[in-house]
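Novice: Here is my input; please provide its structure:
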Amino acid sequence: MKDRFSRWSKSSGIAAGLVLLVVASAIFEPSSLGRAALAAFWPFVGVLMVVSAGQQLVIQQRGIDLSAPGYISLAAIIVSHMPNGDNAKLIPAILLAFAIAIVAGLFNGLMVTKVGIMPIVQTLGMNAVLYGINVAIGHGTPTQTTTDLFNFMNDHLFGLQVPFIIGAVVIIVLEYVMKETIVGRRFEAGGASERAARAAGLRTDRYQYMAYVGSAILYTLAGVMLAGIIEQPSVFQGDTYLLLSVAAVVLGGTSLLGGVGSPVATALGAAFIIQLQGFVLATGATAAVQDIVQATALAIGISVYGLRSMGGVAKLRRYFGSRSRGGPVTKLPATRVESS
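Specialist: Predicted coordinates:
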């Protein structure tokens, strides 16, 4: 019970932020919460949930995945170009997209764990490879997806859009596996401290493989979802999701140094970002202003996490408290950053 309370308390920040954003939207820009706005934006919440969950898996293993745009774009192009409007070819195209993702994820894991290439370098190179395959298949021109995929992704279930339901199911499954199973706990332990995990007899490379393959599968799922939502995906459809996915993970409180993280908190971070986009768009702001707002939200999230992880809030209180009492001002002690 204590562990569960601690887990939810770490998610309280982004939950409170999302509530405040919704209240601000209702007061200043009610149109951003209207039925039309929700119908337009919230399918993309489901997509960002899936992408961010994949990014979180890699970040929890002390890495960062720059190949997410490549997976997303390639999956969207495969399921739109290969069937070329033929519904009978949709399932083989989806299976091919996932097969490529699994192979690429295994290769990423091999290069990082066995060869020792830095994750940021390896995933950047893999992103270029995936885009090369993407251009070879699509020749740089978008193609309309099949009617079956479009109808499915734009359908509703229990009054909710199918993409949002898919994203919610992915988050629930990951939260259960990560917090309620032995594999999930070992996954987090291996990411928190590789040396301690090895001393405990855990094979950390196995969990890194799981992270890269799992993230590749989730990115591909997001690409398939996008292809159905927007009907005619572009060759670079996944580009916008790299920064957004990292922002959602950071806002959800996952340590960039690896270890513990909550998929539910990451999903709340994704919802916060999409609602923030809708709010800013409703004000009539330009695309440049929207990018600035998103970057500011990411910077605030990183700053808040950094203060919390280093005990910075308590230090600042002691520091300014001593000044207000007129006591000697001492230099703030340096503290080693530890993963949560």
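Novice: Return the residues in contact with L57.
Specialist: M210, A211, Y212, G214, S215, L218 (CB atoms under 8 Å, 6 or more residues apart in numbering). Any C-beta I mention is one placed from the backbone N, CA and C, and that applies to glycine too.
Novice: Was I right to think the third one contacts N108?
Specialist: Yep, that's Y212 we're talking about. Yes: if you go by CB atoms under 8 Å, Y212 and N108 touch, sitting 4.3 Å apart.
Novice: about what we covered before: please identify which of the contacts of L57 is nearest to A39.
Specialist: L218 (24.3 Å; CB to CB).
Novice: For the stretch 101-250 of the chain, just list every one of the helices.
Specialist: 119-138, 147-153, 162-180, 182-192, 194-199, 204-230, 241-251 (DSSP state H, counting those that start in this stretch).
Novice: Quick one: closest of those to V280.
Specialist: V280 sits nearest to helix 241-251 of all the helices of the stretch 101-250 of the chain, at 13.6 Å, using CB to CB.
Novice: and that closest one, how far from the chain's centre?
Specialist: 5 Å (CA atoms, centre = their mean, to the nearest Å).
Novice: same for that helix, what does it pack against?
Specialist: helix 35-60, helix 68-81, helix 263-282, helix 287-309 (3 or more CB pairs under 8 Å, 6 or more residues apart in numbering; DSSP states H and E).
Novice: make it 10 Å
Specialist: Packing partners of helix 241-251 (3 or more CB pairs under 10 Å, 6 or more residues apart in numbering; DSSP states H and E): helix 12-28, helix 35-60, helix 68-81, helix 204-230, helix 263-282, helix 287-309.
Novice: got JSON lines for the ones you listed, with mean pLDDT and distance to I133 too?
Specialist: Listed next are the helices and strands packed on helix 241-251 as JSON lines, based on pLDDT from 0 to 100; distance: least, CB to CB, whole Å:
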{"stretch": "helix 12-28", "mean pLDDT": "88", "distance to I133": "36"}
{"stretch": "helix 35-60", "mean pLDDT": "92", "distance to I133": "19"}
{"stretch": "helix 68-81", "mean pLDDT": "96", "distance to I133": "6"}
{"stretch": "helix 204-230", "mean pLDDT": "94", "distance to I133": "13"}
{"stretch": "helix 263-282", "mean pLDDT": "90", "distance to I133": "27"}
{"stretch": "helix 287-309", "mean pLDDT": "69", "distance to I133": "28"}
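Novice: Deepest-packed of the ones you listed, please.
Specialist: helix 68-81 (a mean of 30; mean count of other CB atoms under 10 Å).
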